[in-house]
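Novice: Build me a model from this:
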Amino acid sequence: MVKRSEDRDAAWRDYTNTLAVRLRQLRADRNLSQEDVAYRAGLGRSMYQQLEKGEGRRGLAADPKLRTLVAISQALNVSVGLLLPDDPPDMTTH
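Specialist: Predicted coordinates for the structure are as follows:
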C-alpha cells in the first residue's frame, strides 16, 4: 500500500515540475518578471517563485489551488488549459 502512495507522489512531483517549466517558459515568452506575474495574479512573489520551482510547503511538490491557476493564466493571458501539462497522473485510489 505504501508503494502505491509513493508512486502517486512521484508522479505528482513530475507533473508539477512540468507545470513549473511551462510557467517559466510562458512568463519568459512575455518578457515578464516573476514579480510582474505575481503582482498581476494577486500573489506574493515568493509563492509564485515556488510554483516556478515546482515546490510547495515543507518541501512537498506544488499543489496550487484552481483559483491560483486561473489568476496566473489571466496574468499571462492564456487559458488555464495551456498552463497544465498533458497527461496528468492518475490520482485516484484503486
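
Novice: So Ser79 sits against Leu69, correct?
Specialist: No. At 10.5 Å, Ser79 does not count as touching Leu69 under the criterion of Cβ atoms under 8 Å. Any C-beta I mention is one placed from the backbone N, CA and C, and that applies to glycine too.

Novice: the more surrounded of the two?
Specialist: Taking neighbours as other Cβ atoms under 10 Å, Ser79 and Leu69 compare with Leu69 leading, 18 against 11.

Novice: so which strand or helix has the more buried one?
Specialist: helix 66-76 (DSSP states H and E).

Novice: buried set for that helix?
Specialist: 68-69, 71-73, 75-76 (16 or more other Cβ atoms under 10 Å).

Novice: Would you mind writing the CA trace of the helix or strand hosting Gln50 as PDB?
Specialist: In this assignment (DSSP H and E), Gln50 forms part of helix 45-53. The C-alpha coordinates for helix 45-53 follow below in PDB (Å, rounded to 0.1, in the frame of the first residue of the first chain):
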ATOM      1  CA  ARG A  45       6.300  36.800  -5.300                       C
ATOM      2  CA  SER A  46       7.700  34.000  -3.100                       C
ATOM      3  CA  MET A  47       4.500  32.000  -3.700                       C
ATOM      4  CA  TYR A  48       4.900  32.400  -7.500                       C
ATOM      5  CA  GLN A  49       8.600  31.600  -7.300                       C
ATOM      6  CA  GLN A  50       7.800  28.300  -5.500                       C
ATOM      7  CA  LEU A  51       5.400  27.400  -8.300                       C
ATOM      8  CA  GLU A  52       8.000  28.000 -10.900                       C
ATOM      9  CA  LYS A  53      10.300  25.700  -8.900                       C
END
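
Novice: got the angle between that helix and helix 66-76?
Specialist: Helix 45-53 and helix 66-76 are oriented at 90 degrees to each other (axes from the mean of the first three to the mean of the last three Cα atoms, to 10 degrees).

Novice: Give me the helices and strands touching the helix or strand containing Thr16, please.
Specialist: In this assignment (DSSP H and E), Thr16 forms part of helix 2-29. Using 3 or more Cβ pairs under 8 Å, 6 or more residues apart in numbering; DSSP states H and E, the elements in contact with helix 2-29 are helix 34-41, helix 45-53, helix 66-76, helix 80-83.
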